[in-house]
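Asker: Sequence and predicted structure, then a few things I'm wondering about:
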Amino acid sequence: MKEEKCKVSENINIKGKYYSMKIETAYIAKKSRPGNFVMAAVSTASDPLLKRPFGIFRAAPPFIWLYYEVVGKGTELLSQKKKGDFLTLLGPLGNSFPGLENKNILLVAGGRGIAPLFYAAEDYVSRNNLFLIYGAKSAADLNLLDKLEALNMTGTYFYTDDGSAGKKGFVTTDIREIIETQKIDLTISCGPEAMFKSLNGELKGLDVENYASLEAIMGCGFGICYSCAVKSAAGDYKKVCADGPVFRLEDIEW
Ligand code: FES
């Protein structure tokens, strides 16, 4: 991990509150693995002072990409960055998704959880049979469909809560049937806590390995402040930044 002053190469509004930022960062781009994240200092002013965590969406040295939703002051400031502006990043941070080949992998993305899974998909697709379930609240929140299409995965399934795009339902609606018919070996998921809770219930008892990439509020990003602690199924606490963000789904208490 290293702190780098990086140059913004582009900051594109994809749709509504969603943006994609391309950043020139020689060290972080070279060292990143799918699943890693960065801490971005969104402002040089004292408010908001802290860095914000972002899962890496793509990496092709010397660039990385972040995919983000404007949800508060920090991401609002990030959305105002222009080409040529500088941004301080710390990274790459956290563990990464497992190295896999010749597997039937099901990626499960909820909302902006698609970002780290897209990076995983780019890495896995040539060596595995890759499937994706991607769900969001509505069509306004279901993005990157052209980029996902271009990956030529073996199967893709899209859902929205209100039925405005894809099938009306949730990522869990058909998951057991998909796992059975596609002979899935393992699932890798990223999304909001409510999604993990229901996934954990749906996947219980099935003969698949399940990995989850967690989001958390983070102060430091590398294990010293405990702001990201989550309770494990064994009863102790895990730091999402340093022990994760990728965990076995069943190792976390949901
Ligand atoms: Fe500080 Fe995880 S963010 S310990």
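Answerer: It's in. Residues are numbered from 1 along each chain as shown.

Asker: The closest residue to Glu209 other than its chain neighbours and the ligand, how far apart?
Answerer: Residue nearest to Glu209 in three dimensions, not counting chain neighbours: Leu186, with 4.0 Å by Cβ to Cβ, 6 or more residues apart in numbering. Yep, even glycine has a C-beta here, placed from its N, CA and C like the rest. The gap separating Leu186 from the ligand is 26 Å, by Cβ to the nearest ligand atom, to the nearest Å.

Asker: Isn't Leu186 up against Lys103?
Answerer: Yes. Checked against Cβ atoms under 8 Å, the pair Leu186 and Lys103 is within contact range at 6.4 Å.

Asker: Quick check, pLDDT for the residue nearest to Glu209.
Answerer: You'll see Leu186 listed with a pLDDT of 98.

Asker: can you pull up the bridge partners for it?
Answerer: Ile105, Glu209 (DSSP bridges).

Asker: Just give the number of residues close to it.
Answerer: 16 (other Cβ atoms under 10 Å).

Asker: Name the residues of the stretch 151-254 of the chain found near the ligand, please.
Answerer: Applying Cβ under 6 Å from any ligand atom, we find that the stretch 151-254 of the chain lies next to the ligand at 218-221, 223-228, 239, 241-242.

Asker: list the contacts for the residue nearest to Glu209?
Answerer: Leu100, Lys103, Ile105, Leu106, Val208, Glu209, Asn210, Tyr211 (Cβ atoms under 8 Å, 6 or more residues apart in numbering).

Asker: What is the neighbour count of the second one?
Answerer: Other residues within reach of Lys103, judged by other Cβ under 10 Å, total 16.

Asker: do you know how far it is from Met218?
Answerer: Going from Lys103 to Met218 by Cβ to Cβ, to the nearest Å gives 30 Å.

Asker: What's opposite the nearest residue to Glu149 once chain neighbours are set aside in the beta bridge?
Answerer: Nearest non-adjacent residue to Glu149, counting by Cβ to Cβ, 6+ apart: Thr156, 7.8 Å away. Thr156 has these beta-bridge partners by DSSP bridges: Leu132.

Asker: Surely Thr156 and Tyr134 touch.
Answerer: Yes. Under the criterion of Cβ under 8 Å, Thr156 makes contact with Tyr134 at 7.2 Å.

Asker: These two: which is more packed in?
Answerer: Tyr134 (26 against 17).

Asker: returning to that earlier point: counting neighbours, which of the residues of the stretch 151-254 of the chain next to the ligand end up buried?
Answerer: Met218, Cys220, Gly221, Cys228, Lys239, Cys241, Ala242 (16 or more other Cβ atoms under 10 Å).

Asker: give me every residue that touches Asp161.
Answerer: Counted by Cβ under 8 Å, 6+ apart, Asp161 has contacts Gly135, Ala136, Lys137, Ser138, Lys168, Gly169, Phe170.

Asker: what do you get for Ala115?
Answerer: Phe54, Gly55, Ile56, Phe57, Leu66, Tyr67, Tyr68, Cys190.

Asker: closest to Gly91 among those residues?
Answerer: Within these, the smallest distance to Gly91 is 7.7 Å, found for Ile56 (Cβ to Cβ).

Asker: Return the set of residues that bridge with that closest one.
Answerer: Leu66.

Asker: how many neighbours does the residue nearest to Val70 when sequence neighbours are not counted have?
Answerer: Nearest-residue entry for Val70: Lys17, 4.5 Å, with adjacent residues in sequence omitted and distances by Cβ to Cβ, 6+ apart. Residues contacting Lys17 under the criterion other Cβ under 10 Å number 16.

Asker: now Lys17: how far from Cys220?
Answerer: Relative to Cys220, Lys17 is positioned 27 Å away (Cβ to Cβ).

Asker: In the stretch 51-200 of the chain, what residue lies closest to the ligand?
Answerer: Residue nearest to the ligand within the stretch 51-200 of the chain: Pro53 (7.6 Å; Cβ to the nearest ligand atom).
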